[in-house]
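Colleague: A predicted structure for the sequence below; I have some questions about it.
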Amino acid sequence: MRIGVNVGHFAGSPPADLAARLQAIDAAGFSSVWFAEAYGSDVFTPLAFAAALTSRVRLGTAVAQVPARTPTATAMAATTLDHLSGGRAVLGIGASGPQVSEGWHGVPYAKPLARTREYVSVVRQALARAAPVSNDGPYFPLPSPGSELGKPLRSSLHPYRSDLPVWLGAEGPRNVALSAEIADGWLAMFFAPAFDSFYREALDEGFAKRPGGRPDGFEVVATVPVVVDDDVERAADRIRPELALYMGGMGARGANFHHDVFVRMGFESVAARVQELYLSRRKDEAAAAIPTELVEQIALVGPASKIRRDLDAWDATVVDEIAVQGLPDDLDAVAALL
């Protein structure tokens, strides 16, 4: 099982020691570094920063939001990063959610799967640079309909790799299937080994729609909280607040896709309670309402010996690589798991 690091997005401000920690991650043998974006820090600038400080780790967006940029702007950023990093970029794309898409970016969220499918098609055209980019779809038409001066254009920057990998971030089964159908990899979140068969079925559904079936090199990377601590409960307590945020507050009631993951896992009453408490601003109570059993399904917590045993369950799943969630304070202890 390969292990990378998903730094995520910056809350408040970037860590003061980010440069040193990125260099330590590269030197320690981690396989990848990922960044995210929500409605604050963007995803490409930190990766360019990381590219200048590292020499071997893959550099991925987990994820670049569909509503944040036109597909050609995303292709421009990804191609530029690929050049500057010597071909280490992985472009992860995700639909985001209605609150961010419509409230922050001012972009409609309706029909996210169809929108993502069209977006990826345009991105791939721009990355390949085989012909001027054009698209007659309803979401990202190029040239702009009715334009008198617009014409299809080909990127002035030649690709470092015309087949730069495009992945999808997905949680629901239809979106997971879409990643298998049109992408080069799946970025998983809140993956639970106990539900591996559920995700295999979703992936197989997508591969069945793809000419030639599953392509060589298709990968699955799961972002996973990891806390090495001799006390399992103390380790779980470090994860509960972030888990409560996603389960309870990352999206409106009825439109929180992270919440839905735990409902599908059989924790419907827990998820409902956490959401109720969180949206009532009782965040500490929301975190405390999350049982250790749930934490252990989607996270690796406890002594190093226990985590190594737990990793055996992950080895048997569709996951090829674990991306440790956040910048671990105990980097040496996590690196020892490699």
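Modeller: Yep, that arrived.
Colleague: Helix, strand or coil: sort out residue 113 for me.
Modeller: Under DSSP: H, G, I helix; E, B strand; the rest coil, residue 113 falls in the helix class.
Colleague: Can you tell me the closest non-neighbouring residue to it?
Modeller: Distance criterion C-beta to C-beta, 6 or more residues apart in numbering; nearest residue to residue 113, sequence neighbours excluded, is residue 178 at 5.7 Å. In this view, the C-beta of every residue, glycine as well, is placed from N, C-alpha and C.
Colleague: pLDDT at the one you found, what is it?
Modeller: pLDDT, residue 178: 98.
Colleague: Go through stretch 287-303 and flag the buried ones.
Modeller: Across stretch 287-303, burial judged by 16 or more other C-beta atoms under 10 Å covers 287, 289-290, 292, 294-302.
Colleague: Could you export the residues you listed as CSV, including pLDDT?
Modeller: Output for the buried residues of stretch 287-303, formatted as CSV (pLDDT from 0 to 100):
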residue, pLDDT
287, 98
289, 98
290, 98
292, 98
294, 98
295, 98
296, 97
297, 97
298, 97
299, 97
300, 97
301, 97
302, 96
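Colleague: Same list (those residues) but as TSV, adding secondary structure and distance to residue 59.
Modeller: What follows is the buried residues of stretch 287-303, written out as TSV (DSSP: H, G, I helix; E, B strand; the rest coil; distance: C-beta to C-beta, whole Å):
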residue	secondary structure	distance to residue 59
287	helix	32
289	coil	37
290	coil	32
292	helix	34
294	helix	32
295	helix	29
296	helix	30
297	helix	29
298	helix	25
299	coil	24
300	strand	23
301	strand	27
302	strand	30
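Colleague: Please name the residues that touch the one residue sitting closest to the centre of the chain.
Modeller: Taking C-alpha atoms, centre = their mean, the centroid of the chain lies closest to residue 62, which sits 3.3 Å from it. Shown in contact with residue 62 (C-beta atoms under 8 Å, 6 or more residues apart in numbering): 6, 34, 35, 36, 43, 92, 169, 187, 221, 223, 323.
Colleague: Quickly check the residues you listed for the two that are furthest apart.
Modeller: Greatest spacing in the contacts of residue 62, by C-beta to C-beta: 43 and 221 (15.2 Å).
Colleague: The stretch 101-250 of the chain: helices as residue ranges?
Modeller: For the stretch 101-250 of the chain, applying DSSP state H, counting those that start in this stretch gives helices covering 112-128, 173-182, 196-208, 232-244.
Colleague: Dump those helices into CSV; add mean neighbour count as well.
Modeller: Output for these, formatted as CSV (neighbours: other C-beta atoms under 10 Å):
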stretch, mean neighbour count
helix 112-128, 21
helix 173-182, 21
helix 196-208, 17
helix 232-244, 19
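Colleague: Out of these, which is closest to residue 96?
Modeller: With C-beta to C-beta, the closest approach to residue 96 among these belongs to helix 112-128: 8.4 Å.
Colleague: helices or strands up against that closest one?
Modeller: With contacts defined as 3 or more C-beta pairs under 8 Å, 6 or more residues apart in numbering; DSSP states H and E, the packing partners of helix 112-128 are helix 71-84, strand 89-94, strand 166-169, helix 173-182.
Colleague: Apply 10 Å and report the result again.
Modeller: helix 71-84, strand 89-94, helix 98-103, strand 166-169, helix 173-182 (3 or more C-beta pairs under 10 Å, 6 or more residues apart in numbering; DSSP states H and E).
Colleague: Residue 52: what secondary structure?
Modeller: What three-state DSSP gives for residue 52 is helix.
Colleague: residues contacting it?
Modeller: Applying C-beta atoms under 10 Å, 6 or more residues apart in numbering to residue 52 gives the contacts 19, 22, 84, 85.
Colleague: Help me confirm that residue 43 comes into contact with residue 36.
Modeller: Yes. Under the criterion of C-beta atoms under 10 Å, residue 43 makes contact with residue 36 at 6.1 Å.
Colleague: can you list residues touching both of the two?
Modeller: 8, 9, 60, 61, 62, 63, 64, 65, 92, 94.
Colleague: Number of residues surrounding the last one?
Modeller: Right, the one you point to is residue 94. Look at residue 94: counted by other C-beta atoms under 10 Å, it has 27 neighbours.
Colleague: Quick one: residues contacting it.
Modeller: Contacts for residue 94 (C-beta under 10 Å, 6+ apart) come out as 36-37, 43, 61-68, 112, 116, 167-171, 175, 179, 187, 189.
Colleague: and it, bridged to which residues?
Modeller: Note on residue 94: beta-bridge partners residue 65, judged by DSSP bridges.
Colleague: From residue 86, how far off is it?
Modeller: Relative to residue 86, residue 94 is positioned 25 Å away (C-beta to C-beta, to the nearest Å).
Colleague: next one: residue 215
Modeller: Taking C-beta to C-beta as the measure, residue 215 falls 24 Å from residue 86.
Colleague: now do residue 60
Modeller: Applying C-beta to C-beta to residue 60 and residue 86 gives a distance of 15 Å.
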